[in-house]
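Engineer: build me a model:
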Amino acid sequence: MRVGHRANNSSDIQLVHRAQRGDKAAFGELFCRYERRIYGYLYRLVGNRQWAEDLTQEAFIRAHQSLNQLGPPYDFKSWIYRIAGNLAIDGLRRYKDEISLPDWDAGEASAPEPADEHPEADPEQEARREEVRQAVWRALHRLPENYRQILLLRELEGLSYREIAGILGVSLDNVKVTLHRARLAFRDLYGLQVMMEEGRGACRELDELLSAEIDGELDRSTRRRVKEHIASCPVCQRTRKELLAVSNLLALLAPVFPPPTLRPRFLQRLEELPPPRPVSPPPSPPSSPPSSGRGGGSEPGNVFWLVLLGVIGGLLLLGILAFATLAVFAPGPTPTPALPSPPPTDTWTPPPPTSPTLPPPSPSPSPSSPPSPSPSPVPPTSTPTPTPTPVTPTPTSTPTATPTPAASIAFWADATTVPAGSCTTVHWETANVAGVYFDGQGVAGVGSQQTCPCAPETHTLEVVLRDGTHEVRTLTIDVTGSCVTPTPTPDTVPPPAPQPIGPGTTDPNGPENTACPVTLRWNPVSDPSGVVYYVRLERWTGREWILEGSWYPVSASQVEDVPCSYYLYRWHVMAEDGARNYSDWSAWMYYAVPVP
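Structural biologist: Sure, this is the predicted structure:
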């Protein structure tokens with residue numbers, strides 16, 4: 001089955017349900033919906049395009065294989081963000097000694113800039129904007145991973161606090177505290193950086209303080225001296241306030257688009273993946289509460305059981321000693337008159353020995369318990385002594401151990417040599433084993449996987465036995481001939497440009513007055529491959545237009561609750577179809593929020 005991408009109006013929940021039933025086309029639609037956002041999120045986390053591409057593919061593969069673990073409310077977006085973020089953070093921490101600070105990458109290689117973005121800007125002004133972007137990028141990647149992650153989720157991905165809490169697995173209060181600390185840390189790093197680069201021209205003393213810095217980096221001692229100087233210098237304080245007054249510094253980073261090879265690579269890999277693994281049933285509760293050890297909560301720990309065992313052993317020992325004492329000092333039996341008296345003897349003759357059949361020794365309740373003492377014979381007197389009758393104890397049965405069934409492993413293919421492009425099915429059947437992994441992915445004990453190779457390929461079945469050992473089987477599929485892949489006709493027709501509805505007019509000298517809250521609306525456009533929108537909002541500072549906010553991808557034909565204050569604004573919108581063709585930008589729409 002070929003997994004393709006087509007326009008689909010189904011909700012995420014409907015697609016998740018279909019994908020959990022084995023519909024790979026539904027999961028392919030989920031991938032196409034979140035491919036760009038997850039790739040951009042991962043790229044800004046790790047700072048490397050190739051690594052971000054590999055992490056994106058791995059995140060969606062793990063999501064597909066574990067899809068049956070996703071339950072109500074079936075929030076796929078938060079789930080895939082969580083998987084992707086965990087992969088990235090784990091990789092950054094594992095390879096932190098091998099990774100240097102990423103170089104600046106504007107992320108605009110495949111994203112067109114609007115023709116009228118800055119028609120009046122000169123090269124010097126464009127160079128200045130590029131320097132700001134570089135400073136933002138460097139400050140972002142000097143933050144700790146958890147600060148950088150939460151800033152990206154909130155400021156660039158636009159997720160709510162509740163969504164971030166679900167992705168990071170923390171409480172809402174923890175999100176608020178961490179986000180506040182991350183913003184302060186980013187502002188501190190960015191402020192020191194731009195003051196080092198920009199404040200030197202405004203303050204001669206700061207220029208002299210930083211004159212020895214050649215590589216543009218601040219060590220700890222120099223950073224402390226710069227902070228102390230800024231705190232005591234009115235000129236530097238004013239300059240720093242002006243530099244940090246630019247809102248949404250992170251929004252200056254241009255949108256990041258995934259490489260064109262990511263989608264076909266993943267969809268081809270999706271065809272080869274087995275169905276999502278079924279959720280294992282929960283284990284049955286034990287017959288008696290186990291010892292919880294260190295983390296046992298309210299259950300008794302090992303110390304409690306040892307004390308209890310010692311008390312029981314002591315009581316048993318006292319009982320045995322009491323029984324032995326009674327046996328030694330108890331009076332003999334009273335003589336019966338009817339019995340004839342035997343002649344007195346000076347020597348006591350013990351009764352003839354008997355050989356009772358004894359059972360196998362049973363384990364004692366405690367290793368330290370002494371054996372039970374045997375009763376001592378009573379000294380001979382003139383009183384007749386009856387011969388004791390030996391008691392034969394009842395033998396107990398010894399439990400027989402149940403033998404562990406032997407493991408069974410079978411691994412084969414319908415055909416081990418196929419023409420290039422033809423398909424064959426690889427099968428495996430196992431029994432009495434602890435775990436099964438096919439090509440590194442956990443699978444059920446019995447299953448199959450279809451493959452249509454264009455080149456020889458080797459598959460591996462790794463089986464974990466119940467004693468903890470591993471057994472590995474390999475199977476090679478040989479190929480004859482070569483695959484001829486037809487070149488698909490590319491879709492190069494862009495969608496029509498959307499037309500804004502409001503607020504605003506196209507006349508910059510006659511903006512429309514509007515009140516908060518503001519919702520940007522435009523006429524929707526259509527395309528056979530589907531359409532999403534990219535919206536940009538800018539604010540006039542009195543000297544230049546700066547980016548106030550950007551939204552991508554937008555599936556609806558409006559953006560609600562955009563930033564609103566008493567300024568002059570302008571906005572425009574662009575459409576993108578499923579083949580990554582882009583429409584022209586709409587005309588700028590100008591509006592103002594007057595002071596009441």
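Engineer: buried residues in the strand or helix carrying Lys227?
Structural biologist: Applying DSSP states H and E as the criterion places Lys227 in helix 220-232. By neighbour count with 16 or more other C-beta atoms under 10 Å, helix 220-232 contains the buried residues 222, 226, 229-230. For glycine as for every other residue, the C-beta is placed from the backbone atoms N, C-alpha and C.
Engineer: cool, and stretch 521-528?
Structural biologist: Neighbour counts over stretch 521-528 (16+ other C-beta under 10 Å) mark 522, 525, 527 as buried.
Engineer: helix or strand right after the strand or helix carrying Ile312?
Structural biologist: Assigned by DSSP H and E, Ile312 belongs to helix 302-329. Taking DSSP H and E as the definition, the helix or strand that follows helix 302-329 towards the C-terminus is strand 408-413.
Engineer: contacts for whichever helix or strand comes after that next one next, please.
Structural biologist: Toward the C-terminus, strand 408-413 is succeeded by strand 417-419 as the next helix or strand (DSSP H and E). When contacts are taken as C-beta atoms under 8 Å, 6 or more residues apart in numbering, the neighbours of strand 417-419 outside the stretch itself are 424, 453, 477-481.
Engineer: would Leu159 count as being in a helix?
Structural biologist: No - counting by DSSP: H, G, I helix; E, B strand; the rest coil, Leu159 is not part of a helix but coil.
Engineer: which residues in this structure form helices?
Structural biologist: With DSSP state H, the ranges of helices along the chain come out as 12-20, 24-46, 49-65, 76-94, 123-140, 145-151, 161-168, 172-198, 204-209, 220-232, 234-243, 262-272, 302-329.
Engineer: average pLDDT for the first one, rounded please.
Structural biologist: When you say that, I think you mean helix 12-20. For helix 12-20, the mean pLDDT works out to 92.
Engineer: dump it to CSV, restricted to CA.
Structural biologist: What follows is the C-alpha trace of helix 12-20 in CSV, where atoms were taken according to Å, rounded to 0.1, in the frame of the first residue of the first chain:
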residue,chain,number,x,y,z
ASP,A,12,-6.8,14.7,14.8
ILE,A,13,-8.9,12.4,17.0
GLN,A,14,-10.5,10.7,14.0
LEU,A,15,-7.2,10.2,12.3
VAL,A,16,-5.7,8.8,15.5
HIS,A,17,-8.5,6.3,15.8
ARG,A,18,-8.1,5.2,12.2
ALA,A,19,-4.3,5.0,12.5
GLN,A,20,-4.7,2.8,15.7
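Engineer: if we can go back for a sec, just put the buried residues of stretch 521-528 in a markdown table and tack on pLDDT and distance to Asn581.
Structural biologist: Conversion of the buried residues of stretch 521-528 to a markdown table gives the following (pLDDT from 0 to 100; distance: C-beta to C-beta, whole Å):
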| residue | pLDDT | distance to Asn581 |
| --- | --- | --- |
| Trp522 | 94 | 18 |
| Val525 | 92 | 12 |
| Asp527 | 89 | 8 |
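Engineer: and of the residues you listed, the nearest to Leu67?
Structural biologist: The shortest separation between Leu67 and any of the buried residues of stretch 521-528 is 29.0 Å, and it belongs to Asp527 (by C-beta to C-beta).
Engineer: run through who's touching stretch 35-54.
Structural biologist: Stretch 35-54 is contacted from outside by 55-56, 59-60, 80-81, 84-85, 87-89, 91-92, 99, 101-103, 105, 107, 140-141, 145, 148-149, 152-153, 156-157, 253, 255-259, 261-263, 266, 552-553, using C-beta under 8 Å, 6+ apart.
Engineer: just the buried residues of stretch 521-528 now: which is nearest Asp12?
Structural biologist: Set against Asp12, the nearest of these by C-beta to C-beta is Asp527 (21.3 Å).
Engineer: tell me how far that closest one lies from Pro494.
Structural biologist: Look at Asp527 and Pro494: by C-beta to C-beta, to the nearest Å, they are 8 Å apart.
Engineer: now Val418
Structural biologist: Separation of Val418 from Pro494 (C-beta to C-beta): 42 Å.
Engineer: and if you look at Val46?
Structural biologist: In this structure, Val46 and Pro494 are separated by 31 Å, where distance is defined by C-beta to C-beta.
Engineer: follow-up on the earlier one: pull up the overlap in contacts between Asp527 and Pro494.
Structural biologist: Contact criterion C-beta under 8 Å, 6+ apart; residues shared by Asp527 and Pro494: 575, 577.
Engineer: give me phi/psi at the closest residue to Thr506 other than its chain neighbours?
Structural biologist: If you skip the residues right next to it in sequence, Thr506 has Ala587 as its closest partner in space, 4.9 Å away by C-beta to C-beta, 6 or more residues apart in numbering. Comment: the main-chain dihedrals of Ala587 come out as phi -70, psi 150, following degrees, to the nearest 10.
Engineer: burial count for Ala587?
Structural biologist: If you count neighbours by other C-beta atoms under 10 Å, Ala587 ends up with 16.
Engineer: now do the contacts for it.
Structural biologist: 500, 506, 572.
Engineer: now, which of the residues you listed sits nearest Thr178?
Structural biologist: Using C-beta to C-beta, those come closest to Thr178 at His572, 34.7 Å.
Engineer: ok, the closest one touching Arg536?
Structural biologist: Yes - with the criterion set as C-beta atoms under 8 Å, His572 and Arg536 qualify as a contacting pair; they are 6.2 Å apart.
Engineer: so those two - more neighbours on which side?
Structural biologist: Taking His572 and Arg536 together and counting by other C-beta under 10 Å, His572 has the greater number of neighbours (25 against 21).
Engineer: how far away is the closest residue to Asp577 other than its chain neighbours from Arg148?
Structural biologist: Nearest-residue entry for Asp577: Asp527, 4.0 Å, with adjacent residues in sequence omitted and distances by C-beta to C-beta, 6+ apart. Taken as C-beta to C-beta, the spacing of Asp527 relative to Arg148 amounts to 35 Å.
Engineer: what of Leu273?
Structural biologist: Using C-beta to C-beta, which is the criterion applied here, Leu273 is 31 Å from Arg148.
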